[in-house]
Each structure stands twice: as C-alpha cells, then as structure tokens.
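>>> pasting the sequence and the predicted model now:
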Amino acid sequence: MFDNVCKFLAESFSSDFATWLLGEPITLTELSPSELSLEPIRADALILLQSDELILHLEFQTAPKADIPFRMNDYRLRAYRKFPHKRMRQVVIYLKPTDSELVYQTEFVLENSLHRFEVIRLWEQPTEVFFNSPGLLPFAALSQTNDQTRTLEEVAQVIEALNDTRIRSNIAASTAVLAGLVLNKDVIKRILRSDIMRESVIYQDILQEGLAQGLEQGLEQGIEQGLEQGLEQGLEQKAQEIAIKMINKGINLEIIVDVTGLTVAQVQKLQAKTEGTQTD
C-alpha cells in the first residue's frame, strides 16, 4: 500500500514534487515503465515522470535493497536508449529510518563503468519542507521531527483548511497510510478524521483490497471446511460399511468399536438397523 500511495502522490501532485526535487514547478506527465523496458522488470516502487526535456525517476523504499544501484543504472540506460536527448534525475527516497549502510549507496560501479544517483532519507529532511505543498504533506511525519505526533496534528490542521474537498480527502488518506510507518494506528485515528478520507481514491483502494482479501480468505476457508467435512463424512461412511460387515459376521460390539472408531451408540444403531433389514 505504501508504494501505491507514493505513486499516487507523485503522479497527482507532480508539480509539488518537481518544486521539491528539481527546484522548479515544471509540468510532468507519467511515463510508463513499459516504454523503457526491453524485457519485464520489477517495478513495484518505480515512478517515472517526464517533461519535454527531462525524466524524473523516483523510487520510494520502506526498506533498503541491495539491487537499487543496479536498477538505477539499468533505467538510466533504458531511458537514454529511448530518449537520448532528455536529461534524467534519479532519486531514491527511503521512508523509514534504518541503520543499514545500503541507504547511503549513491553509485553503481562495474569495472570501468560508474553511475551516480541521488538518495533522500526522509528522516533527515527538514519538516518545514513538507508543509510548502499539499502533495508533500503526507511525508511530514516521516521527516526530521522530534515529535511525530505533534507534526501529524499540524498536518491535520493544514489538511482541514484545504478548500478542494477531493484534494483534502486524498491527502488525508495518504497521510494516514504513510504515518502508519512511524505511529500507532490509534494515534492516527485520533488525529485524522475518517469522514474526510472516505471519498478518497486511496481509501477506496484500501477498502476494495480489504474486501478482496476478505472474500479470498472466506473462499479459502469455505473450501477448506468443505473438504474437511467431506473427508469426515467419507471416513464415517466407510467406517459404517465396515461395521455393518462385522455385525453381519457376528463380531463382538467392543471389537467393532475399537476397529472402526465409531461410538458404542453408533454401532448399536447400525445393529438395530441391520437386524430390522434382515427381519424384513
């Protein structure tokens, strides 16, 4: 869900991201990763935005990954092959604090090849930066703040003051999701009004995902229960068939119970039924 929220924000508020990362509010449009791919490539956290002169490549990560430098180099070459005259800015944005050295890697080195990219560790970024634009507000609680709860409260106040109801709803829902990386869900629920979020696409995605998971789990449980019930019924029916054969041969009731696993009452019932059939 974190990847989806970051993609949504970067694509919906591209000028806010351009101002933050490029220093100017240029218009950026989405560039599909498939346009640069010669073969399928893992692109779960990948965001590509472009203008006439530039491609902005963003990767949001909640945890460090060793293959990030290679991916940066790979996409730079792909972009150059497709758009040889466009500049490219590549930024990896780490969302959650970590002690891993991987979040400090900014180069890919291979023999005589060297490729550099940028890295932003949100927990080192000044909090005020994220109050400059609506699209950046959801990242404020992840920034360099001494009081994440207080920062989220300030973000909530700014969100409620937004005039556009659609933007207000989407920013609130995005903030709630990302704040979950550093704050308890009960704290988030107390600060962010759920009624503001309900009309957002993020909230609807979460709802649909939850419903889908619920249906899937329900289906799996239903199938599993059905198999268990079917197996139990099948085993019991087989045990009854064996018990009837043993009854017809005059075998002692206790032995039948021991062999078949049926209860005394079940065997006695079968005996009565068998005797009644023979009488008829």
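Looks like it came in fine.
>>> when you work out contacts or count neighbours from here on, use the C-alpha atoms and nothing else.
Fine.
>>> surely residue 55 and residue 89 touch.
Yes - under the contact definition of CA atoms under 8 Å, residue 55 touches residue 89, with a separation of 6.3 Å.
>>> and those two? which has more neighbours close in?
The neighbour count for residue 55 versus residue 89, taken as other CA atoms under 10 Å, is higher for residue 55 (22 against 16).
>>> gap between that one and residue 12?
Using CA to CA, to the nearest Å, one gets 16 Å for the distance from residue 55 to residue 12.
>>> what's the answer for residue 19, then?
With distances taken as CA to CA, residue 19 is found 14 Å from residue 12.
>>> cool, and residue 108?
30 Å.
>>> contacts for stretch 48-60 next, please.
Outside stretch 48-60, the residues within contact range by CA atoms under 8 Å, 6 or more residues apart in numbering are 3, 6, 11, 14, 26-33, 45-47, 85-95.
>>> for stretch 123-141, that is, sorry about that
Looking at what lies outside stretch 123-141 - CA under 8 Å, 6+ apart - the contacts are 9-10, 12-13, 16-17, 20, 95-97, 122, 142-145, 148-149, 151-152, 155, 159, 171-172, 174-176, 178-179, 182.
>>> again with stretch 255-266
In this structure, residues lying in contact with stretch 255-266 by CA under 8 Å, 6+ apart are 236, 239, 240, 242, 243, 246, 247, 253, 254, 267.
>>> out of the residues you listed, which are buried?
239, 240, 243, 246, 247, 253, 267 (16 or more other CA atoms under 10 Å).
>>> can you redo those residues as TSV with pLDDT?
Putting these into TSV (pLDDT from 0 to 100) gives the following:
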residue	pLDDT
239	79
240	83
243	82
246	85
247	83
253	84
267	84
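>>> of the contacts of stretch 48-60, grab the buried ones for PyMOL.
Selecting in PyMOL just the buried members of the contacts of stretch 48-60, where the criterion is 16+ other CA under 10 Å, is done with this command:
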select buried, resi 3+6+11+14+28+29+30+31+33+45+46+47+87+88+89+90+91+92+93+94+95
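>>> in strands, which of the contacts of stretch 48-60 fall?
For these, the ones inside strands are 29, 30, 46, 47, 87, 88, 89, 90, 91, 92, 93, 94, with DSSP state E as the criterion.
>>> and those as JSON lines, adding distance to residue 134 and pLDDT?
Putting the ones in strands among the contacts of stretch 48-60 into JSON lines (distance: CA to CA, whole Å; pLDDT from 0 to 100) gives the following:
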{"residue": "29", "distance to residue 134": "18", "pLDDT": "89"}
{"residue": "30", "distance to residue 134": "19", "pLDDT": "85"}
{"residue": "46", "distance to residue 134": "22", "pLDDT": "78"}
{"residue": "47", "distance to residue 134": "19", "pLDDT": "86"}
{"residue": "87", "distance to residue 134": "27", "pLDDT": "94"}
{"residue": "88", "distance to residue 134": "25", "pLDDT": "95"}
{"residue": "89", "distance to residue 134": "22", "pLDDT": "95"}
{"residue": "90", "distance to residue 134": "22", "pLDDT": "96"}
{"residue": "91", "distance to residue 134": "20", "pLDDT": "96"}
{"residue": "92", "distance to residue 134": "21", "pLDDT": "96"}
{"residue": "93", "distance to residue 134": "18", "pLDDT": "96"}
{"residue": "94", "distance to residue 134": "20", "pLDDT": "96"}
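>>> all good on my end, thank you.
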